[in-house]
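Student: give me the fold of what follows.
(one chain, ligands or ions: 2)
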Amino acid sequence: MAKFFVPKSHPRYWSLYYRHKLEEALEKGILATAGLIAHGRGEAFDYLIGETTIEPAEKAMKAAIAKLLLAEHPVLSVNGNVAALVPKETIELAKALNAKLEINLFYRTEERVRAIAEELKKYDPEIELLGINPTKRIPNLESERGKVDENGIWKADVVVVPLEDGDRTEALVKMGKFVITVDLNPLSRSARMADITIVDNIVRAYPRMIELAKEMRELPRKELEKIVAEYDNGKILSDVLIHMKSRLEKLAEEGVWRRENL
Ligand code: ATP
Ligand code: MG
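Tutor: Ligands and ions are numbered 1, 2, ... in the order given. Model prediction:
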């Protein structure tokens, strides 16, 4: 694998850094090639929101953490993109929430599951990983896409499925799961189907969610319940769209031609 040589002074340093992470993940067998396409789509929406965590995402993260702290069987799903971008943070977040981790793939192959498990174990050799031998099936999804772990997603009450396909998100919602997603595209099917949609880049969202989990775990249940009850995902998605619209209007008025920073 070619070394990452981009200087920190490059105006798109972080974008190039994470692209390199994905290239590496592809080589290690962690990522399916379609994962690269999904990432590109995510990046496009990140431009539109301004590559920063916006207020509606912060609110969605708070509600998500409250719900996860209240959950009986919370599960965080891990796919190739997640393992490539935030392996360490995924483990930290699971620990902060006392949640289980399940490797769950759209394009499931045993090799990819093994490669992802190996990657995560680099950060914590003792970490428990579900989804290695899934025995249950999500109804209405054909064989490979529907496999889930009996002790993980199957029995979960709250699941986090970041960077997930919409069809699978919808199938989980139909199973009665409370579904939280992280997705930069507020118009994707996943974003529209989930109970809580965090429209943010996972590389910003997971570190923030770890902070929130540590801060909020001391809160009384009543307060957590109130945060969840007051949360309105439809309103949050509209607020994201309004943010994008207002931002584009402002940029159009100011002009972007030969402008250094947006
Ligand atoms: P859907 O199936 O939900 O309609 P899709 O088919 O457009 O979405 P998928 O490949 O199924 O896309 O899902 C991946 C989703 O993850 C995309 O919506 C993409 O915008 C989003 N995404 C990609 N990279 C990131 C990232 N780093 N952070 C957050 N979201 C991301
Ligand atoms: Mg899809």
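
Student: which residues in the protein form helices?
Tutor: Here the chain has its helices, by DSSP state H, at 13-28, 33-49, 55-70, 80-85, 87-97, 110-123, 143-146, 166-174, 189-193, 202-216, 221-230, 233-254.

Student: quick one: which of those helices is nearest residue 153?
Tutor: helix 166-174 (7.4 Å; Cβ to Cβ). Backbone N, C-alpha and C define where each C-beta goes, glycine included.

Student: find the residue closest to the residue of the stretch 151-262 of the chain found nearest ligand 1 in space, skipping its chain neighbours.
Tutor: At 2.9 Å from ligand 1, residue 166 is the closest residue in the stretch 151-262 of the chain, using Cβ to the nearest ligand atom. Using Cβ to Cβ, 6 or more residues apart in numbering and skipping residues adjacent in sequence, the residue nearest residue 166 is residue 189, 2.3 Å away.

Student: give the contact list for the one you found.
Tutor: The contact partners of residue 189, taken as Cβ atoms under 8 Å, 6 or more residues apart in numbering, are 165-167, 169-170.

Student: same thing but 10 Å
Tutor: Counting by Cβ atoms under 10 Å, 6 or more residues apart in numbering, residue 189 makes contact with 164-170, 183.

Student: for residue 39, see how far away it is.
Tutor: Counting by Cβ to Cβ, to the nearest Å, the gap from residue 189 to residue 39 is 18 Å.

Student: equivalent analysis for residue 98, please.
Tutor: 30 Å.

Student: the more surrounded of those two?
Tutor: residue 39 (20 against 12; other Cβ atoms under 10 Å).

Student: skipping adjacent residues, who's closest to the more buried one in space?
Tutor: residue 22 (5.6 Å).

Student: check contacts around the residue lying closest to residue 80 once chain neighbours are set aside.
Tutor: Excluding its sequence neighbours, the residue lying closest to residue 80 (Cβ to Cβ, 6+ apart) is residue 31, at 4.0 Å. Residue 31 is in contact with 21-25, 38-39, 79-81, 83-85, 107, 112, 115-116, counting by Cβ under 10 Å, 6+ apart.

Student: and residue 31, what pLDDT?
Tutor: The model reports residue 31 with a pLDDT of 97.

Student: tell me the phi and psi of it?
Tutor: Per-residue torsions, residue 31: phi -110, psi 140 (degrees, to the nearest 10).

Student: that one and residue 215, how far apart?
Tutor: 32 Å.

Student: any idea how far the residue of the stretch 1-150 of the chain found nearest ligand 1 is from residue 168?
Tutor: Nearest residue of the stretch 1-150 of the chain to ligand 1 (Cβ to the nearest ligand atom) works out as residue 42 at 2.6 Å. Separation of residue 42 from residue 168 (Cβ to Cβ): 17 Å.

Student: out of the two, which sits in the more crowded spot?
Tutor: Neighbours of residue 42 and residue 168, each counted by other Cβ under 10 Å, are more numerous for residue 168; the result is 23 against 20.

Student: what residue ranges in this protein score low on pLDDT?
Tutor: For the chain, applying pLDDT under 70 flags no range at all.

Student: residues touching residue 254, list them.
Tutor: residue 262.

Student: pretty sure the residue of the stretch 151-262 of the chain closest to ligand 1 contacts residue 197?
Tutor: No - using Cβ atoms under 10 Å, residue 166 makes no contact with residue 197, being 11.4 Å away.

Student: common neighbours of the two, please.
Tutor: Taking Cβ under 10 Å, 6+ apart as the contact rule, residue 166 and residue 197 both touch 181, 183, 185, 188, 190-191.

Student: which of those count as buried?
Tutor: Neighbour-count burial (16 or more other Cβ atoms under 10 Å) applied to the shared contacts of residue 166 and residue 197 gives 181, 183, 185, 188, 190-191.

Student: and the two most separated of those?
Tutor: 181 and 185 (10.3 Å).
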